[in-house]
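K.L.:
I would like the atomic coordinates for the input below:
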Amino acid sequence: MTTSSSERGISLGMPELPAPDYPDDVRARLERDAREIIERYPDSRSALLPMLHLVQSEEGHVTRTGMQFCADMLDLTTAEVTAVATFYTMYRRRPSGDYQVGVCTNTLCAVMGGDAIFSALQEHLGVGNGETTDDGKVTLEHIECNAACDFAPVVMVNWEFFDNQTPESARSLVDDLRAGRQVEPTRGAPLCTFKETARMLAGFPDERDGAVDASGAAGPASLVGLRLSKGETPTARVVHPRDGGPHDEPRPGSVHEPSPAEHLGSHDAPQDTSASDPAHPAGPVTEEGE
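P.N.:
Numbers count the residues shown, from 1 in each chain. Next up, the predicted model:
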């Protein structure tokens, strides 16, 4: 798989030739879709973000040809289009796999095992961050917060959620993707290819039977947080004691107080500290040597 000098970030000190155009039939089809996108906005330049997703759905990444097409349709310069395409990480600048496997390595997911999952997948797939397997199936990347901290650690495949992952489950997931076996996200619509996902992000409907109805609802951890925010009494613990043994369900109107032997997971309320508990204030900091 080869990339141009511009995609590798190498300057040869000479002007680059104009981007080649799409074949006539492809351009005609993309122009029809582009006009539909542009009509949604009072100012045509506002259509640039979905337009970039549209051209990404054609080739699997945003090429110079795709950026030139966007510039032509929106009466922008290629510099203006490039500035946007290089700013947002959802736009790929080089060929990538059918399945974008993103491992969250932000704070909570990292603490809960995201770093271990990412390292395990790098070794298992033989690729680094942002690289694609030789069969063109999987592109691995570490990503920032997926806004799913209550299901940490989280892996996303083409922006669909795979919650509460482990190194073992993540390895099985990428093996199934490469083998063409069907995999089901923890929640959300059935999985599709990255190109199909990009077209949906451009604003076109998911036309697969039952895909929209399969969007699902919030998971139990999210609902517990919602109930607590409304002042409702919790009915059950989300995180069980470390030993995994049975435990009593709290009685109505009572709040479970964990014993010192219980493991406090990421979903438990923070414990009082000298900084947060007025009854045990932190004393004044003394000068060195006093």
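K.L.:
please identify the helix or strand for the closest residue to Ser96 other than its chain neighbours.
P.N.:
Spatially, and ignoring its direct neighbours in sequence, Ser96 is nearest to Thr139 (4.2 Å; C-beta to C-beta, 6 or more residues apart in numbering). Every residue, glycine included, has its C-beta placed from N, CA and C. Thr139 is part of strand 138-143 when elements are defined by DSSP states H and E.
K.L.:
tell me which strands that strand pairs with, and in which orientation.
P.N.:
Applying DSSP bridges, strand 138-143 is found paired with strand 99-104 (parallel), strand 131-132 (antiparallel).
K.L.:
mind listing residues that contact the longest one?
P.N.:
Spelled out, it's strand 99-104. With contact meaning C-beta atoms under 8 Å, 6 or more residues apart in numbering, strand 99-104 is reached by 109-110, 114, 117-118, 121, 137-146, 148, 152-159, 170, 173-174, 177, 191, 193-194.
K.L.:
and the gap between Asp175 and Val138?
P.N.:
Asp175 sits 10 Å away from Val138 when distances are taken as C-beta to C-beta, to the nearest Å.
K.L.:
and Ala120, by the same measure?
P.N.:
The gap separating Ala120 from Val138 is 14 Å, by C-beta to C-beta.
K.L.:
which of the two has more neighbours?
P.N.:
Set Ala120 next to Val138 and count neighbours by other C-beta atoms under 10 Å: Val138 wins out with 23 against 18.
K.L.:
dig out what that one forms beta bridges with.
P.N.:
As for beta bridges, Val138 partners with Tyr99 under DSSP bridges.
K.L.:
surely it touches His124?
P.N.:
No. The criterion here is C-beta atoms under 8 Å, and Val138 misses it with His124 at 10.2 Å.
K.L.:
joint contacts of those two?
P.N.:
Residues touching both Val138 and His124 (C-beta under 8 Å, 6+ apart): Val174.
K.L.:
good, we can wrap up now.
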